[in-house]
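> generate coordinates for the sequence data below:
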Amino acid sequence: MAKRAPESDPEGAAMRGFRSVAAWIAAFAVGLAPTVGAAGEKPVLAKEGFWSVGVGDGIDAGRCIASVPVKAGGMFILMADQGQVTFGFVARGQLRQGRQGLFETEAYSFDFAPTYGKEGDVLYFDDVMNKNALAALRLAKAIRVSVDRRVVLAVDVENTGLEAALDAVIDCSKGQRGWWGKGAPLTQASNDRKREAAPAGASGSAFFISADGVAVTAAHVVKGCGRLESPRWGVVKVLAADPRADLAILKAPGASGQYVPLRARGPRLGENMSAAGYPLGQLLGPGLKITTGVVSGLSGPQGDRGLFQLSAPIQPGNSGGPVIDADGALIGVVAAKLDELKLADATGVFPQNINFAVPVTILQSFLDENGVAYKTASAGMTAATAAMPGYTFAVVCTR
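Have a look, this model is predicted:
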């Protein structure tokens, strides 16, 4: 572990600080708390990812927050204001206060003076994290915060999309757009400096169902797109979309000639499956990523037959990608995952690998309604995962 050093940043000290951060955290904590709906109301689905990213308004416009639930209760949060980052913790009850704080990852640690919210359930660092701390945070598998040698927070962040969440909250605070949605409006202070150009936009996955360039993705991937483009195939046209089924039909100007056949029947409980896509944009490299698991349920929340559950991990960018069986036939389209933050806050249990896809039978009905031809899998076909790179591709939405 690197030698401990007092945490300071000359540039951050010259900027507007986080002096109203306690009230701001508290406001977000209320906004992220689960609400009890009417009987039979479906749980809220987050489209992907373990982290939630929110945007401030009013006097806090320009600040963004990324939060992740802690198994022992509460939320660990990262906050950004005009690109500067700090951290905090919202506990379930009052915290025992102290004077000497220590923030630790596997590679770096620093001492800090902890600051507490008025109600005593919020702890935060009232300064900005320096470049060394942020570099270590991107690679962290676990984070621990101690006060007066007492551990007050221990959170496992491996495979939660931490690096993407950190990039998102920074870009969000600069007024940019991306997979987290619309960025925060820039404050007057940040308008005095040069404004950075907005990124290209949110990304998702798609796959060919015919040799002539007809493809499928999730409807939420293309929602509101002024332009949809594939880095591999160029500008892609949206032929039809059904938000209720969360499906969209695309037409690419070019095609690999490879496509995935659709299975004639829906998924079977417990069968092996593979999901393919381009998670987290370029953070994991440009190549296709494939995850495996089983069909763990034949319905979505509250028995929704428009979804089925799978155990394969998915991340932001996987939406719209194919889900295939052991023989390589399509059985679904990656759609969503349960909102871990809301469920953990409501039940005290952190759910794992609860992801959802639209079953192939609903896709077939959608294609039939729109007069789109497709191939069904023949007996004995054994293409499996080897063919997935040929028919799966990334799409980028510019709004």
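
> nearest spatial neighbour of residue 248, skipping sequence neighbours?
In space, and not counting its chain neighbours, residue 248 is closest to residue 241: 4.1 Å by CB to CB, 6 or more residues apart in numbering. C-beta here means a position set from N, CA and C on the backbone, and glycine is covered the same way.

> tell me how many other residues surround residue 110.
A count of nearby residues for residue 110, using other CB atoms under 10 Å, gives 22.

> can you confirm it is in a strand?
Yes. Residue 110 forms part of a strand when assessed by DSSP: H, G, I helix; E, B strand; the rest coil.

> tell me the bridge partners for it.
Assessed by DSSP bridges, residue 110 has beta-bridge partners residue 103.

> surely it touches residue 137?
No. Judged on CB atoms under 8 Å, residue 110 makes no contact with residue 137 at a distance of 11.1 Å.

> for my notes, confirm the residue nearest to residue 248 occurs in a helix.
No. Remark: residue 241 does not belong to a helix; assigned using three-state DSSP, it is strand.

> and it, what is it in contact with?
For residue 241, the contacting residues are 219, 222, 223, 247, 248, 249, by CB atoms under 8 Å, 6 or more residues apart in numbering.

> could you do residue 146 as well?
Applying CB under 8 Å, 6+ apart to residue 146 gives the contacts 101, 102, 104, 152.

> mind doing that once more with 7 Å?
101, 102, 152 (CB atoms under 7 Å, 6 or more residues apart in numbering).

> equivalent analysis for residue 376, please.
Contacts for residue 376 were tallied using CB under 7 Å, 6+ apart; they are 261, 262, 264.

> that older thread, widest-spaced pair of the contacts of residue 241?
Using CB to CB, the two most remote members of those are 223 and 249, lying 14.1 Å apart.

> in terms of neighbours, single out the busier of those two.
The residue with more neighbours, out of residue 223 and residue 249, is residue 249; 23 against 15, by other CB under 10 Å.

> for the more buried one, give me phi and psi.
For residue 249, the backbone dihedrals are phi -110, psi 130 (criterion: degrees, to the nearest 10).

> can you start the count at 122 instead of 1 from here on
With the count now opening at 122, the last piece we talked about shows up as residue 370.

> so it bridges to which residues?
As for beta bridges, residue 370 partners with residue 337, residue 361 under DSSP bridges.

> how close does it get to residue 415?
As judged by CB to CB, to the nearest Å, residue 370 and residue 415 stand 28 Å apart.

> hang on, the earlier thing: make a markdown table out of the contacts of residue 267 and add neighbour count, pLDDT and distance to residue 512.
Compiled in a markdown table, the contacts of residue 267 are given as follows (neighbours: other CB atoms under 10 Å; pLDDT from 0 to 100; distance: CB to CB, whole Å):
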| residue | neighbour count | pLDDT | distance to residue 512 |
| --- | --- | --- | --- |
| 222 | 20 | 93 | 51 |
| 223 | 17 | 94 | 50 |
| 273 | 20 | 90 | 49 |
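
> where does pLDDT dip in this structure?
Screening the chain residue by residue with the criterion pLDDT under 70, one finds the ranges 122-170, 177-183, 298-323, 402-407, 458-474, 500-504, 520.

> can you give me the helices in it?
With DSSP state H as the definition, the chain shows helices at residue ranges 131-134, 142-153, 252-260, 283-294, 309-312, 340-343, 461-468, 481-490, 509-512.

> now do the buried residues in the last one.
Neighbour counts over helix 509-512 (16 or more other CB atoms under 10 Å) mark 509, 511, 512 as buried.

> could you dump it to CSV, C-alpha only?
These are the backbone C-alpha positions of helix 509-512, laid out as CSV (Å, rounded to 0.1, in the frame of the first residue of the first chain):
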residue,chain,number,x,y,z
MET,A,509,-21.5,-14.4,-31.6
PRO,A,510,-18.7,-12.0,-32.6
GLY,A,511,-19.9,-12.3,-36.2
TYR,A,512,-23.4,-11.1,-35.7
